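[1] Sequence plus predicted model, see below.
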Amino acid sequence: MTTGRFFLECEAGVAGDMLVGAMLDLGADENKLISVLKSLPLEGYFVTINRVKKAGIDACDFDVVLDEEHDNHDHDMEYLHGSHGDEIGHHHHHHHGHRHLGEIFDIIDAGTMSDEARILAKRIFRVLGEAEALAHGTTIDEVHFHEVGAVDSIVDIVAIAVCADDLGIESLIVPYLCEGQGTIRCAHGIMPIPVPAVANIIKAYGIALKRIGVDGEFVTPTGAAAVAAFRKEEKLPDTYRVIRSGTGAGKREYERASIVRLYEIEAADTQGDEIWRLETDIDDSTGERLGYVMSCLYENGALEVHYTPTFMKKNRPGVELVVICDDGHREKLEELIFTETTTIGIRRMKLKRSKLKRTGETWETPRGKVDVKIITLPDGSRRYEPEYDSVVELSKRTGSTYSESLNWIKAYIQSNMAGGLI
């Protein structure tokens, strides 16, 4: 079982082969990956997986080696940035794989991979297809893939999907992507960096870009599409622990070491923190309005919201509204209370809070996936609690009552504890 939470550090950009290398280094099953790649109806390549040094840092190098007919000079620095690349580009241009999305999906469907990996691979290609279609003013079904339709890019994307599925990557944190400057040579000629496909992806998916002032392309369309397909968060926890990590090597040689690092993390137990308690008394509002206010408060960062019945001045029945929040959300929540209720004053108090360490895992059970909250007690023992939404989903899948589903999950947890599996 894994935490399912991963942080991708992209200080030297990201490309497909770098991401595969990092996942393999972190622990993805190499034999499973090679088996899937051999099942793809593709020719003109072979794969090597080695250890290399990048600026003295040990990294995993995943390399798709193309034969002369299929070589697209993707790692040829003279071709990509040199002054005499036109002759090279003209000589090899007709060998690029020009494929439609449907043809690429047929290749993916022919591979013997899990359904989850197949879905992930297609998701990445859809991200690319949307970006390429926008760049060329056409539809996703009509767009021709050039570099990303070539053999090495298809292999990279399938490899990303297979490794991510094997590792159980459900939530990828990527604060930003680092990108260089200048121009790069591609199938359509010399393009400014970032190339149009990358620019369209980061715009469509709200990915922050950090310019590093170095000549060169650090973010490839494949790398950007993979990040867009997996990224769910952009902010790291304030404190966290690294469970395991992997470093993937890139092929291009720039001033900055060409590596990407992938970490599996869990939020650290901070022992305690400070929170705010906001409270106000309201005696002239309807229940409907107060219900709406509670929803708004939760949507805008409140940790807890509750109403307590009370009697106020002039013998009026009313409610006391109490909101618990962190410092970063306090001002916004106070503004919302003033705007959405009839109160004209809010009391606030800063409180110290003690917390137990908690993490989450997704378990595969005989009745499907179940999200479990794991709470570590002061003596180091653990308590396992199924998440409410998972109990509801299990009830829907099996036609059981909520109580029956809850009891079944708790019994499953107990049997695993007794068997020493957790």
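    Sure thing, it's come through.

[2] CA only for contacts and neighbour counts going forward, please
    Fine.

[3] Identify all contacting residues around the helix or strand that contains T247.
    Secondary-structure element containing T247, defined by DSSP states H and E: strand 240-249. With Cα atoms under 8 Å, 6 or more residues apart in numbering as the test, strand 240-249 has contacts from 17-27, 52, 54, 58-62, 258-268.

[4] Provide a PyMOL selection command restricted to the buried entries of those residues.
    Listed next is the PyMOL selection for buried residues among the contacts of strand 240-249, using 16 or more other Cα atoms under 10 Å:
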select buried, resi 17+18+19+20+21+22+23+24+25+26+54+59+60+61+62+258+259+260+261+262+263+264+265+266+267
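
[5] could you measure K410 against R383, distance?
    11 Å (Cα to Cα, to the nearest Å).

[6] Between the two, point out the one with more neighbours.
    Between K410 and R383, counted using other Cα atoms under 10 Å, the more crowded position is K410 (15 against 12).

[7] Using PDB, list the CA coordinates for the strand holding T247.
    Extracted C-alpha coordinates of strand 240-249, given in PDB (Å, rounded to 0.1, in the frame of the first residue of the first chain):
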ATOM      1  CA  TYR A 240       5.900  16.400   5.100                       C
ATOM      2  CA  ARG A 241       8.000  13.200   5.200                       C
ATOM      3  CA  VAL A 242       9.600  11.600   2.200                       C
ATOM      4  CA  ILE A 243       8.600   7.900   2.000                       C
ATOM      5  CA  ARG A 244      10.800   7.100  -1.100                       C
ATOM      6  CA  SER A 245      12.200   9.000  -4.000                       C
ATOM      7  CA  GLY A 246      13.400   8.500  -7.600                       C
ATOM      8  CA  THR A 247      15.600  10.500 -10.000                       C
ATOM      9  CA  GLY A 248      15.200  10.400 -13.700                       C
ATOM     10  CA  ALA A 249      17.800  11.600 -16.200                       C
END
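
[8] who does the longest helix along the chain touch, helix- and strand-wise?
    The residue-count maximum for a helix in the chain (DSSP state H) belongs to helix 115-136. Helices and strands touching helix 115-136, by 3 or more Cα pairs under 8 Å, 6 or more residues apart in numbering; DSSP states H and E, are helix 101-110, helix 151-167, helix 196-204, helix 221-230.

[9] Please identify the buried residues of that helix?
    For helix 115-136, burial by neighbour count (16+ other Cα under 10 Å) applies to 117-118, 120-135.

[10] repeat for stretch 239-248
    245-248.

[11] Residues in contact with the following helix or strand past the strand holding T247: which ones?
    Beyond strand 240-249 on the C-terminal side, the first helix or strand identified by DSSP H and E is strand 259-267. Defining contact as Cα under 8 Å, 6+ apart, one finds that strand 259-267 is touched by 3-14, 18-19, 22-23, 26, 54, 59, 237, 239-250, 358-359.

[12] quick revisit: closest to K350 among the buried residues of stretch 239-248?
    Nearest to K350 out of the buried residues of stretch 239-248 is S245 (Cα to Cα; 37.6 Å).

[13] any idea how far the closest one is from E217?
    For S245, the distance to E217 equals 25 Å [Cα to Cα].

[14] tell me the average confidence for stretch 318-329?
    Averaging pLDDT along stretch 318-329 gives 93.

[15] how much space between V392 and Y402?
    Separation of V392 from Y402 (Cα to Cα): 6 Å.

[16] Let me see the contact set for the closest residue in space to G223 that isn't next to it in sequence.
    Distances taken as Cα to Cα, 6 or more residues apart in numbering place A15 nearest to G223, at 4.0 Å, with adjacent residues excluded. Contacts for A15 were tallied using Cα under 8 Å, 6+ apart; they are 218-224, 250.

[17] if we go to 10 Å?
    Contact analysis of A15 by Cα atoms under 10 Å, 6 or more residues apart in numbering lists 153, 156, 217-227, 248-251, 258-260.

[18] again with K210
    By Cα under 10 Å, 6+ apart, the contact set of K210 is 10-11, 13, 175-180.

[19] from those, which has minimum pLDDT?
    pLDDT across these is lowest for G180, at 89.

[20] mind checking which of the helices and strands packed on helix 115-136 is nearest S35?
    Closest to S35 of these, according to Cα to Cα: helix 151-167, at 10.4 Å.

[21] What is the closest one packed up against?
    Other helices and strands packing on helix 151-167, by 3 or more Cα pairs under 10 Å, 6 or more residues apart in numbering; DSSP states H and E, are helix 16-26, helix 30-38, strand 45-54, strand 57-66, helix 101-110, helix 115-136, helix 221-230.

[22] repeat that for 6 Å
    In terms of contacts (3 or more Cα pairs under 6 Å, 6 or more residues apart in numbering; DSSP states H and E), helix 151-167 is packed against helix 16-26, helix 115-136.

[23] Give me the angle between the shortest one and strand 240-249.
    With axes from the mean of the first three to the mean of the last three Cα atoms, to 10 degrees as the criterion, the two stretches helix 16-26 and strand 240-249 enclose an angle of 130 degrees.
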